[in-house]
Structure formats: structure tokens, C-alpha cells
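K.L.:
show me the folded form of this:
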Amino acid sequence: MSNDPVTLDIQDSIARINFNRPDSFNAINTEAVIKLHEIVNKLYSNKKVRVVILSGSGDKAFCAGGDVSEFSQAGDSIDQMVREMTSYLHVSISRLAWLNAPVIARVNGVAAGAGLSFVACCDLAISINSATFTSAYTKIGFTPDGSSTFFLPRLIGRKRVLELYLTNRVLSAEEALEWGLINRVTSGQDLDLETDKLAQTLARGPTKAFGGIKKLVMMSPNDSLESQMERETRYIAEMTVSKDGLEGVTAFVEKRKPNFTGE
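P.N.:
Below is the predicted model of the structure:
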């Protein structure tokens, strides 16, 4: 088993990124964000990857956010250390968000701080029924990072976001589902089954079109109706002449399942 703080495994066009510090609730430190940055850069240029699964090692935590013990040891240089960490972290999240491949959060336990941010930035999220979700930043007098102030208001609304940030309310998996933070709740024993089933379905899909959908949804809240529809026109026209678009139309006419290649 690898000792890297974040690991990558790619099989059958499915990439699995794993936070790998189970003894620290998969908290992320400087080494972890640098490794994550390296992994995401590899995925960003790998056209064979058609789905990404983000998860945590062990059975206690998805990701507990930043490693507070490292913060406490940084002394007067903590601000510079945090600037460096967030620079790596934010590039990684941006690239995952713009990746054509859908990104699934496999939430196997606590999601706190940046862990909550990762859940929010993923395209889909499946959680075990015992998982919990909390911001936790203001517990140590910090403001949020990791894109959560961008994604959470879009997912759950301003009032609920402020409640999470200001009170550090802890959500159960069922509450997170009700609020729209995650897509599905399952038992611990079925988590891998449900995640893999979804990943395999998406891996057979039109990856380029998935990427277009992700971009359209991302840009929608900040644009006018007319601008958004113009972008829809441009994207759908591009898809009609893509390999998957041509295959999809042909398969429909021939009354068979399409064989998408992600191109």
C-alpha cells in the first residue's frame, strides 16, 4: 500500500483519487495538496479517463479538511504556508471542475472544512448513511477555502450556507441529501457497489458532451438568458459533429445502443 498522502489508480477509464492519511482523518497538509496537484495535472491531459472518483482511506473520514497540527507548527509563517497550500489546492479544484470527465465524491465518513468543499465541487456525490458534513472553519477562526463559497450557495442557497459557516452546524447524510449537497445515501456495505455502478455507467457515456454540460451549468448563474442560450447553441452544434454525436444519432436511427468513445 502506498504511503503517499494522496494516491491515484486508473482502471478501465475510471480514475480513483484517494486521500490517504486515515490516521489523521485524511486531513490535507502541504505534502497532500502538492501531490493532489500533481495527480490532477496528469488527469487533465489524459483523454482516456472518462470518470473520476474522489474518496478517502479507511472507514472514518472522507476528508477532515486542513491539517490543524501543521498549522500550529508553522509559527509566524502560517500565512505564507496557507497561501502556498491554497494555491495548489485551488488549481486542482478548478481543473476538476472543468474536466470533461464527471467527478464523483465517494463520501465514506466525515467531510469537514476542505472535505466539505471537495464534496461541493464534485459533480455528483454518494454518501454512506453515517457520514457527517460540517464547515468547521470558524471553529479555528478561519474563513472558508477550497471553492465552497462558490459552489455551496449554488447548491443549497445563501441562508443555509451562512448557517453552516457561522454556526458550524453538523449535517447528517440524510440532511445533506435533503439540502441538495449530495445525490444519494447508501449503507457502508453498498457504498462501493453504488459508486462503481454509477462510475461504470458514466464511463460508457459521451464524455465530451458531459464536459459541455458541466461548463454550461457552471456558467449559467452568472449570465443572461440570451447569452446562456447562445452558448447552448454553440455547444450543441459542436456536439453534432463530434464522434459521439454522430454515433449517437446513427445508433438512434439504427435502434441500437450507442458505442460512445468520449470524443
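
K.L.:
neighbours of the residue nearest to residue 110 when sequence neighbours are not counted, how many?
P.N.:
Counting by Cβ to Cβ, 6 or more residues apart in numbering, residue 110 lies nearest to residue 61, which is 4.3 Å off, once chain neighbours are set aside. Placement of C-beta: from N, CA and C, glycine included. Neighbour count for residue 61, taken as other Cβ atoms under 10 Å: 25.

K.L.:
let's number from 3 now, not from 1
P.N.:
With 3 as the first residue, the last one maps to residue 63.

K.L.:
residue 240 and residue 213 touch, don't they?
P.N.:
No. Contact criterion Cβ atoms under 8 Å: residue 240 and residue 213 do not qualify, at 10.8 Å.

K.L.:
so those two - more neighbours on which side?
P.N.:
residue 213 (17 against 13).

K.L.:
look up the closest residue to the more buried one, ignoring the ones flanking it.
P.N.:
residue 102 is the one closest to residue 213 (Cβ to Cβ, 6+ apart), at 2.9 Å.

K.L.:
pretty sure that neighbour sits in a helix.
P.N.:
No. If the criterion is DSSP: H, G, I helix; E, B strand; the rest coil, then residue 102 is coil and not within a helix.

K.L.:
just the pLDDT at it, thanks.
P.N.:
Residue 102 is assigned a pLDDT of 96 by the prediction.

K.L.:
what about it, neighbour count?
P.N.:
Residue 102 has 19 nearby residues by other Cβ under 10 Å.

K.L.:
need the helices for the protein, in chain order.
P.N.:
32-46, 70-75, 80-100, 116-123, 150-158, 160-169, 175-181, 193-205, 209-221, 227-242, 245-255 (DSSP state H).

K.L.:
just these: most buried one?
P.N.:
Stretch with highest mean neighbour count among these: helix 116-123 (a mean of 28; mean count of other Cβ atoms under 10 Å).

K.L.:
name all residues that make contact with the nearest residue to residue 237 once chain neighbours are set aside.
P.N.:
Of all residues not flanking residue 237 in the chain, residue 214 sits nearest, at 4.5 Å (Cβ to Cβ, 6+ apart). By Cβ atoms under 8 Å, 6 or more residues apart in numbering, the residues touching residue 214 are 237, 240-241.
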